[in-house]
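Engineer: no FASTA, just this:
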C-alpha cells in the first residue's frame, strides 16, 4: 500500500471524499432535476395561466364592447321610449280633439239636415215658381216671335208696296216738290226696313226697333195721304201727271257676298254651289287660271276656291299669280285638293286648305272667318267721323242706324248754316249732305265749305230726294265726290260708297259719277 506523504490525505480518504462528493453531486443533481421539473411544471402552469389571462382579457374586451353597445342601445331605447310617450300623449290629445270634433260634427250634421230639409222644401216651392215663370216667359217669347214675324211680314209687305209705288212713280211726271216728298218717304221706309231686317249686321235694341217701326209707320201714313192727294188729280196746270212710256225701274236688291270658284271638276262645282247658295252667297265660276285671275280683279270676291288640278298649270300657279297682283293679293284663297299630300309645304299659311270631298261645316266656318275679315277691313277703312246735314230727322236717324255697327262718330246738323259751322269746326272725314233744306240749302253749304281752306278737301256725299237736273250737276261738278238719290240704292250699296270714301279720305278729292 502506498503511503501518502505527510500532510496530504490518503488515497482512500480522497476516494471517500470523491465518493462523498459524487453522492452530493448526485443528490444535488437530483435536487436540481426535481427543481427543474418543478420549474417546468410551474412554467407550464404559468403559460396556461398567461394564455387564460390573454383569453380572459380578450373576452373582457369583447364584453366591454358588448356592454358599450348595450349601453348605447339602452340609451336609444330610453330616448325612443320618451319619444313614444310624447307621441302617445299627442295622440291622446288628438283623440280627445277628434272626440270633440265628432260631437260638433254630429251636432252640425243634425242642424244641416234640418236646414236642408227646410231648404229642399223651399227649393221645391221655388222650382215650381220658376217652372211657372219659365212657362210664362216661353209664352211671352212665343208671342214676341209671333209679333216679330208679323212686323217682318208687314215690313216685307211695305217693301213690296214701295217697289210697286216706285214702279208706278216711274209712269208719271212729278214736280220737284212732289218727287222730293215721295222719295223722302220711300227712303225712310226702305232704309229703316233694311236696318231692321239685317239682324246680323245691325243689332238693334227693343227701343230702337220700336222707334224704327214708328218711323216706317209715320212715313207710310204720310205716303198714303200724299198718294190719295195725288189721286184726286192736279189742282192746276202746274202739276203735270202725264203718262211716261219708260218701263218702271226694278227696286235695287242687296248684293250677296260673291265667292269665285276656279274649277272644272263637275262634282266639286256642284257641291260648292249647293252648300254656298243655300246660305245666300253669290257663286261665280272660272274654267281656267287666266279667266279666274281676270274675274278676281274685276269682282273682288269675298273668297276664292281653287281646284289644285285647275288647267292649265294647276291651282298653285294661280295662287302665286294672285299674290303678285295688287288688286288680288288680299283675297282669301281656299285650295281644294284630293289629299293633304298635294298641299305644298312652302305655301302653308298663305291660304286655307280643304280636301275632297268638301265638308260643309268646314267650308261654312271658313266663310264666316272671311266675312269677319272683310268686316274688319271695311271697319278699318271706314271714316272715323261723319257729318250728316239734313233737316229731316228721320234721315239723320237712318244714317246713324246704318253706321252704328262701325263705331263711327256721327255729327248731325239740322240745317245748312249749322252744317257749315260744324264742318269747319270739327273737320269730319266725310260730309253727307241733303240739297233741299230751308234757309241755307245744300248748294250753299258746298260752296261755303269749298271756299274755306281748312274744309275744302273734306269729301262730300250728296244724299238727297231732289230730282237732279243737268244744271244742278253742272253746279256741283268738281265740288263733291258722290251724288245719291234717296231710296234708289240699298243699305249695302250706301255703305259701300261710305267705305270707298273712307278708303280714299287721305287722297286728293276726285269727282265720282252719280250713283
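Structural biologist: Cool, the structure landed. For clarity, every value in this text was computed on a predicted model and none was experimentally measured.
Engineer: which element is residue 104 on?
Structural biologist: Per DSSP states H and E, residue 104 falls inside helix 11-169.
Engineer: separation between residue 414 and residue 188?
Structural biologist: Here the distance between residue 414 and residue 188 works out to 16 Å (CB to CB, to the nearest Å). C-beta here means a position set from N, CA and C on the backbone, and glycine is covered the same way.
Engineer: gap between the two ends of stretch 421-430?
Structural biologist: This stretch, stretch 421-430, spans 15 Å end to end (CA to CA, to the nearest Å).
Engineer: touching it from outside, list them.
Structural biologist: 383-387, 389, 409, 411, 413, 431, 445, 449, 452, 454-455, 458-461, 498, 501-502, 505 (CB atoms under 8 Å, 6 or more residues apart in numbering).
Engineer: quickly find the element holding the closest residue in space to residue 456 that isn't next to it in sequence.
Structural biologist: Computed as CB to CB, 6 or more residues apart in numbering, the closest residue to residue 456 that is not its neighbour in sequence is residue 450, at 5.2 Å. Assessed by DSSP H and E, residue 450 sits inside helix 442-451.
Engineer: what's the following helix or strand after that helix?
Structural biologist: strand 460-464.
Engineer: gap between that next one and the chain center?
Structural biologist: 38 Å (CA atoms, centre = their mean, to the nearest Å).
Engineer: just checking, what packs against that strand?
Structural biologist: Contact analysis of strand 460-464 by 3 or more CB pairs under 8 Å, 6 or more residues apart in numbering; DSSP states H and E lists strand 430-433, helix 442-451, strand 482-485, helix 491-503 as its packing neighbours.
Engineer: which residues are in contact with the helix or strand just after it?
Structural biologist: Going down the chain from strand 460-464, the next helix or strand is helix 470-476, by DSSP H and E. Defining contact as CB under 8 Å, 6+ apart, one finds that helix 470-476 is touched by 435, 443, 446, 462, 466, 483, 514.
Engineer: on that earlier part again, report the buried members of the contacts of stretch 421-430.
Structural biologist: Buried subset of those (neighbour count, 16 or more other CB atoms under 10 Å): 383, 386-387, 389, 411, 413, 431, 445, 449, 455, 458-461, 498, 501-502, 505.
Engineer: out of the helices and strands packed on strand 460-464, deepest packed?
Structural biologist: Among these, the stretch with the highest mean neighbour count (mean count of other CB atoms under 10 Å) is strand 430-433, at a mean of 27.
Engineer: pairing partners for that one, with directions?
Structural biologist: strand 385-389 (parallel), strand 460-464 (parallel) (DSSP bridges).
Engineer: dump those to JSON lines, plus mean pLDDT and distance to residue 75.
Structural biologist: Converted to JSON lines, the strands paired with strand 430-433 look like this (pLDDT from 0 to 100; distance: least, CB to CB, whole Å):
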{"stretch": "strand 385-389", "mean pLDDT": "94", "distance to residue 75": "92"}
{"stretch": "strand 460-464", "mean pLDDT": "91", "distance to residue 75": "103"}
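Engineer: make JSON lines out of these and add distance to residue 283.
Structural biologist: Below are those laid out as JSON lines (distance: least, CB to CB, whole Å):
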{"stretch": "strand 385-389", "distance to residue 283": "34"}
{"stretch": "strand 460-464", "distance to residue 283": "32"}
